[in-house]
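Chemist: Pasted the sequence and its predicted model underneath.
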Amino acid sequence: MNRWGMSTQQRRAYERVRGGRSFGAGAKAAVLGLVLAIAGFAFTVRLGRAETSVLDPAGPRAARIAELWWVMFALGIAVFVVVMGLLLVAIFRGKRGSDTEERGPFTGTGFVALGGAVIPFLILMIVFGATLWTLIALAEPEGPPGLTIEVAGHQFWWEVRYPDQDVVTANEIHIPTGQPVELKLIGADVIHSLWVPQLSGKLDLIPGKTNTLWLEADEPGEYRGQCAEFCGIQHAHMAFLVIAQPPNEFAEWLDAQREPSDEPAPDSVVERGEQIFLGSACVYCHTVRGTNASGELGPDLTHLASRRTLAAGTLENNLGNLAGWIVDPQSIKPGNKMPATNLGSEELQDLLAYLMSLR
Ligand code: CUA
């Protein structure tokens, strides 16, 4: 017995006559579907406002990808509305009872062939055509590239080289606005994937192979990028920034980066810090152009202080974070290749003064 004072068999018999149960289940499914669709749409709109969103393109290539996304989204909505409409028709027809063998417009093998094969085929053809159109638009632009940048993916940071300009930096790709820039992508150890959602599609960095990706930004700004292929324990902390600058500012940046590090003033804190740096294990992994430090396992530090972040987008680049990173990098990014450096507090202060002078 239940709250209606009927046994289960009685209630089932009652629902069979009334058709209530089938209506209840169908209506619940329809309402659930609708709620999920609204939630999905709200989430999409929220994502569209996020820092790294495909739906907030900042260049012509990313704009083409966003257009394709909206076409697929619109098709998805249309299919959803039609299917939900047909579901409601089926529910109400079921409610009226299955004994009446009436022939509506949505019955028979013709309708099944149309709805189950012909229309899906047409929709897939539209998606296929739109995808090809986008791929063609993203292909190599005409003429030689104005700028080529080599990007190597390491566990877990990005090495960035401007081979024609003799510039090396890390975790930061500066580009001039308003022109397509060619990125040559190389995997230095395992497979990584470079993705700047606001500027372009993603492409893998594969050891022993060079892949080419084109980036283009309309407006100056900082665009966050992320490794998009699981590459080990710190994959999530393998981020970078693309910094798009007006061409004249970009040229100034290149000139500054090409310079070796400044010679420290004699008997200064910075000079003491340089001696500590050159006398420590730092030099086996890091290069500072203009000194004897020429290690190649870690990022080039010649202009470290000019960069926005530390540890591949993990920390803001400031004195406190740099101190934390040098003293205990493994608690910030467990599994990265940088060992802890054991220094007295005065030595550490001198070393920090030196590193922060590398502008
Ligand atoms: Cu590199 Cu994931």
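Modeler: Structure's in. What do you need? Residues are numbered from 1 along each chain as shown.
Chemist: okay, CA-based contacts and neighbour counts for the rest of this
Modeler: OK.
Chemist: Touching, D218 and T177? I think so.
Modeler: Yes. The pair D218 / T177 is scored as a contact, 5.6 Å apart, by CA atoms under 8 Å.
Chemist: more crowded one of those two?
Modeler: Counted by other CA atoms under 10 Å, D218 and T177 do not tie: T177 has more neighbours, with 22 against 18.
Chemist: show me the contacts for the more buried one.
Modeler: When contacts are counted by CA atoms under 8 Å, 6 or more residues apart in numbering, T177 touches 216-220, 244-247.
Chemist: Identify the bridge partners of the closest residue to I206 other than its chain neighbours.
Modeler: Nearest residue to I206, sequence neighbours excluded (CA to CA, 6 or more residues apart in numbering): G187, at 4.3 Å. In this structure, G187 has the following beta-bridge partners (DSSP bridges): G153.
Chemist: got the contact list for G187?
Modeler: Taking CA under 8 Å, 6+ apart, we find G187 in contact with 152-154, 205-209.
Chemist: Which members of these additionally contact the ligand?
Modeler: For the ligand, no contacts are drawn from the contacts of G187 by CA under 6 Å from any ligand atom.
Chemist: Got phi/psi on V89?
Modeler: The main-chain torsion angles of V89 are listed as degrees, to the nearest 10 and equal phi -60, psi -50.
Chemist: What about it, how many residues nearby?
Modeler: Residue neighbour count, defined by other CA under 10 Å, stands at 13 for V89.
Chemist: ok, now G76?
Modeler: 12.
Chemist: Now it. Its backbone dihedrals?
Modeler: With angles defined as degrees, to the nearest 10, G76 shows backbone torsions of phi -60, psi -40.
Chemist: Quick check: chain neighbours aside, which residue is closest to A170?
Modeler: By the measure of CA to CA, 6+ apart, the closest residue to A170 outside its immediate chain neighbours is E159, 4.7 Å from it.
Chemist: Strand partners (parallel or antiparallel) of the helix or strand hosting the one you found?
Modeler: Assigning secondary structure by DSSP states H and E places E159 in strand 157-162. When sheet partners are counted by DSSP bridges, strand 157-162 sits next to strand 148-154 (antiparallel), strand 167-170 (antiparallel).
Chemist: what about it, near the ligand?
Modeler: No. On the criterion CA under 6 Å from any ligand atom, strand 157-162 is out of touch with the ligand, staying 7.3 Å away.
Chemist: Can I get the contacts of G187 in CSV including neighbour count and pLDDT?
Modeler: As requested, those are exported to CSV (neighbours: other CA atoms under 10 Å; pLDDT from 0 to 100):
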residue, neighbour count, pLDDT
A152, 23, 98
G153, 27, 97
H154, 21, 97
L205, 27, 98
I206, 19, 97
P207, 16, 97
G208, 9, 96
K209, 12, 96
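Chemist: Quick check: the two most widely separated of these?
Modeler: Between all members of the contacts of G187, the longest pairwise span (CA to CA) is found for H154 and K209 and amounts to 14.3 Å.
Chemist: Around W195, how many other residues sit close by?
Modeler: 22.
Chemist: bridging residues for it?
Modeler: What pairs with W195, by the bridge criterion (DSSP bridges), is Q226.
Chemist: Quick check: it vs C227, distance?
Modeler: Distance from W195 to C227, counting by CA to CA, to the nearest Å: 6 Å.
Chemist: Show me the strands in the stretch 251-359 of the chain, by range?
Modeler: Secondary structure of the stretch 251-359 of the chain (DSSP state E, counting those that start in this stretch): strands located at 309-310, 315-316.
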